[in-house]
Every structure is written in structure tokens, then in C-alpha cells.
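A.B. asks: Below is the sequence, then the predicted model.
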Amino acid sequence: MNKHVVPVSEIGRPRRAASAPEGVVAATGVLLDRLARPLTDLRISVTDRCNFRCSYCMPKEVFDKDYQYLPHSALLSFEEITRLARIFASHGVHKIRLTGGEPLLRKNLEVLVEQLAALRTPDGQPLDLTLTTNGSLLARKARALKAAGLKRVTVSLDGLDDTVFRSMNDVDFPVAEVLAGIEAAQAAGLGPIKVNMVVKRGTNEQEILPMARHFRGTGVVLRFIEYMDVGATNGWRMDEVLPSAEVVRRLAEVFPLAPLEATAAGETAQRWAYADGAGEIGVISSVTQAFCHDCSRARLSTEGKLYLCLFASQGHDLRPLLRGEADDAQIASAIGHIWQGRSDRYSELRALRAPDTDHSAPRRVEMSYIGG
């Protein structure tokens, strides 16, 4: 047992409850932060649990059998999540991504999907409703999720070699079952599917080309993510980061690539098309090419804390408002004040200083708690 582990909900500090301030911020469909970045995307964690123990996210030596996860009473109910999502949509959010932990571990998740699928933006459009999963339960859940209204899925897959994959997930889970989940999602119409590969130098970089070969021409968009310094438990080191530019170079030596324009403002991935028309790949470079300047994403933890950055050390607790006497307008105003005060740009600031030099910085929240 790791005796130094504290429940992730505590993060070593008291809860900072959001308040319903006196100055009203009305929901107008457009909400800007201090750097004029709009709020358009909300990532909702539905559980802090996962059945994998990937070293870059939930290393087994920390998240062991004695780790204290959140009690069920602390989790937001589906109705509370839907209420918040409706309020966020009134502020301009048009894309919601369900995350975890592993979101498919949350019982009856398709009920939440159905509730969220019924929401509309201020101009009457349905939300872009997506989900990120490790794929372990996708084969059995894909059809029900599609029927409930889910539009797309993103699957995390860090290699095709079964030995490498089992080592990285650290629970001896076979890659074949994840591939079967991807096929089931395609058959159910959950597309276009994206597959995210976290590339860690010295661990799975040899899987870059096999992954590209496997997904070329399938309609699946493969994306390579730089190994990031998220949380405080994954032992991140800069020398284990393989820059995205190197990934693109290796791919282009075998498969000629052409750059593509971004599909939307604030898009995290740089897109490249195969010159022969066999699809596209993407690279997400938050370490070497920060994209804070147009980040439009907020993150809601499974217990109702609002985080303004993936690398945040503290969130704003919305649960007291939800479970108190605040009405929707008051909660909307509280969210408005929080976002209007946002100036987060961790990745840009990190790039300006030497790595691992600021040992006094607050402990960052774990990725497994607020999703990627």
C-alpha cells in the first residue's frame, strides 16, 4: 500500500466552493475569458476509476488496491450533470466529451448520454456529444451508446504489439479486445472514430509506424500525443517526450504527408493528410508546441469541480450550488464569473522555463480525475 496517497478529491487542500456572486453574468451564448477565449467545449468526468493502470496516467504503485476513490455519494448524479451541461450550453458550449477514469465503468452511462443528447444550443442545434474510452468495454456498449444519442468515440490505444500494449496498460489486457471494440463502434455508426496514441520515448515509439499502417485507409483518424506532465504521480521527464515533429518526420519518410487546415478554432491536433488519399493523422503537441492561446475547454470533475486547465492545481466546486438553493441563473452567473477570470496558459509558461525547476508549484490534479 502507498501510505502517502490521499483521496484525489482532496488534493491536499480544502474545497474551494464556487459562489453565486452579486454581479450577474447572464448567459448570452458567448462567454469570454481574460484572454478573449470563448467557452465552447466541456469535458465531463463521470468516474475517477479505471480498469487500466497505464504508467503515464494511473501508475499501479500509486493507484493500488488501497487507493481511496471517491464515494458514490460524492459523484454528481446524471440529473445534476445534465443540469450543469444545460447551463454550460447556454454560455456557448456546443461540444461535450464524456471522460473518466474510464467512463464506461459508470453504470447505465447510456442513460446520461440520452439526457445529454436531448439538450440544445441557444440556436437550437444538438450538442456534439462524444466519449473517450480505453476501449475495453466498447464492444459490448457501442450499440447502446449510439442508440442513446452518442455521436463519436475516441479510443486510447498505445500500440498494436500485444506485449507492448499489455505492459503499458499494466493489467495484462489484450490489444485484440480493444481492436474489437473499435470495430464494434464503426459498425454501430459511432464515427468518425479517433484513436489516440500517447508516445513515450523508449517505451512504445517503435509502434508509430505499425499503428499508421493498421489504420490507414480505414476511416479511423490516428492521433499521436506527446507524453505530458499531467498530475504528480506519473514520473514525467522531458527526456521521455518524443516531439510531434519527430513523429511526423518518421511517418513522412514512409507515407508522404500534406498539412491540413484546422477544422475549428481551438483544435488541439495538427492535422496531416496521407498524400495518396488514405486518410489523415494528427499530432497533439502540448509540450513542444503549446496551444494555450486559443484553448476553449473547461473540465468538470465527477464530483462537480470546474477546472479551467488540464494542468490546473485547483478547481471551483459547483456541487454546493447544485445541491443548495441556487437556481439555474445563479449557477450560470457563478460559471460566468469563473470563466471571465480565467487566464490559464500553463503549457506556454512551461515552455519559457527549464523543466523541473519549480518545486514549490502546487500539486497538479491527476488526469484520471478530470479526463484528458
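C.D. replies: Right, received. Where do you want to start? Residues are numbered from 1 along each chain as shown.
A.B. asks: three-state assignment of R97?
C.D. replies: When classified by DSSP: H, G, I helix; E, B strand; the rest coil, R97 comes out as strand.
A.B. asks: List the strands paired with the one helix or strand R271 maps to, with their directions.
C.D. replies: Per DSSP states H and E, R271 falls inside strand 269-274. Sheet pairing of strand 269-274 (DSSP bridges) gives strand 257-259 (antiparallel), strand 280-284 (antiparallel).
A.B. asks: Give me the residue ranges of the chain where confidence is low.
C.D. replies: Judged by pLDDT under 70, the chain has its weakly predicted residues at 1-17, 19-22, 228-236, 265-266, 291, 347-348, 350-368, 372.
A.B. asks: Which stretches in it count as strands?
C.D. replies: 41-45, 95-99, 128-133, 152-156, 194-199, 221-226, 257-259, 269-274, 280-284, 297-300, 305-307, 316-317 (DSSP state E).
A.B. asks: For burial, what's the neighbour tally of R249?
C.D. replies: Neighbour count of R249, defined by other C-beta atoms under 10 Å: 11. For the C-beta atoms, the positions are set from N, CA and C on the backbone; glycine is no exception.
A.B. asks: before we move on, what about K151?
C.D. replies: Neighbour count of K151, defined by other C-beta under 10 Å: 19.
A.B. asks: Distance check, it against F215.
C.D. replies: Distance, K151 to F215, by C-beta to C-beta, to the nearest Å: 20 Å.
A.B. asks: how far does stretch 307-322 stretch from start to finish?
C.D. replies: Length of stretch 307-322, first residue to last, C-alpha to C-alpha, to the nearest Å: 16 Å.
A.B. asks: Return the distance of that stretch from the chain's centre.
C.D. replies: Distance of stretch 307-322 from the chain centroid (C-alpha atoms, centre = their mean, to the nearest Å) equals 15 Å.
A.B. asks: buried residues in it?
C.D. replies: Applying a neighbour-count criterion of 16 or more other C-beta atoms under 10 Å, the buried positions in stretch 307-322 are 307-319, 321-322.
A.B. asks: Repeat that for stretch 257-273.
C.D. replies: Result for stretch 257-273 [16+ other C-beta under 10 Å]: buried residues 257, 266, 268-272.
A.B. asks: what does stretch 217-224 give?
C.D. replies: Under the neighbour-count criterion of 16+ other C-beta under 10 Å, stretch 217-224 has 220-224 buried.
A.B. asks: same check, this time on stretch 141-154
C.D. replies: 141-146, 148-154.
A.B. asks: which residues are contacting it?
C.D. replies: By C-beta atoms under 8 Å, 6 or more residues apart in numbering, the surrounding residues in contact with stretch 141-154 are 97, 104, 109-111, 113-114, 116-118, 128-133, 138, 181, 184-185, 187-196.
A.B. asks: Kindly check the end-to-end length of it for me.
C.D. replies: 14 Å.
A.B. asks: One more: stretch 64-78?
C.D. replies: 28 Å.
A.B. asks: Tell me who's in contact with N108.
C.D. replies: Going by C-beta under 8 Å, 6+ apart, N108 touches F78.
A.B. asks: Kindly report the same for the one 5 residues further on.
C.D. replies: With C-beta under 8 Å, 6+ apart as the criterion, the residues that contact V113 are 98, 129, 131, 145, 148-150.
A.B. asks: mind running it again at 10 Å?
C.D. replies: By C-beta atoms under 10 Å, 6 or more residues apart in numbering, the contact set of V113 is 78, 96, 98, 103, 129, 131, 144-151.
A.B. asks: What separation is there between it and V153?
C.D. replies: From V113 to V153 the distance is 11 Å (C-beta to C-beta).
A.B. asks: next one: L75
C.D. replies: 22 Å.
A.B. asks: Report the angle between the strand holding R271 and strand 194-199.
C.D. replies: 100 degrees (axes from the mean of the first three to the mean of the last three C-alpha atoms, to 10 degrees).
A.B. asks: Contacts made by strand 269-274 with the rest, please.
C.D. replies: 194, 196, 212, 216-217, 221, 223-225, 244-245, 247-248, 251-252, 255-263, 279-285, 289, 291.
A.B. asks: one more time with 8 Å, if that's ok
C.D. replies: 216, 223, 244, 248, 251, 255-263, 279-285, 289.
A.B. asks: Kindly format the C-alpha coordinates of stretch 164-181 as PDB.
C.D. replies: Extracted as PDB, the C-alpha positions of stretch 164-181 are listed here (Å, rounded to 0.1, in the frame of the first residue of the first chain):
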ATOM      1  CA  VAL A 164       3.900  -3.700 -25.500                       C
ATOM      2  CA  PHE A 165       0.200  -3.000 -25.000                       C
ATOM      3  CA  ARG A 166      -0.200  -5.300 -22.100                       C
ATOM      4  CA  SER A 167       2.900  -3.800 -20.500                       C
ATOM      5  CA  MET A 168       1.600  -0.300 -20.900                       C
ATOM      6  CA  ASN A 169      -1.900  -0.900 -19.500                       C
ATOM      7  CA  ASP A 170      -0.200  -2.900 -16.700                       C
ATOM      8  CA  VAL A 171      -3.200  -5.200 -16.200                       C
ATOM      9  CA  ASP A 172      -2.400  -7.700 -18.900                       C
ATOM     10  CA  PHE A 173      -5.300  -6.600 -21.100                       C
ATOM     11  CA  PRO A 174      -5.100  -7.900 -24.700                       C
ATOM     12  CA  VAL A 175      -4.900  -5.500 -27.600                       C
ATOM     13  CA  ALA A 176      -7.300  -7.700 -29.600                       C
ATOM     14  CA  GLU A 177     -10.200  -6.700 -27.400                       C
ATOM     15  CA  VAL A 178      -9.600  -3.000 -27.900                       C
ATOM     16  CA  LEU A 179      -9.500  -3.600 -31.700                       C
ATOM     17  CA  ALA A 180     -12.700  -5.500 -31.500                       C
ATOM     18  CA  GLY A 181     -14.200  -2.500 -29.600                       C
END
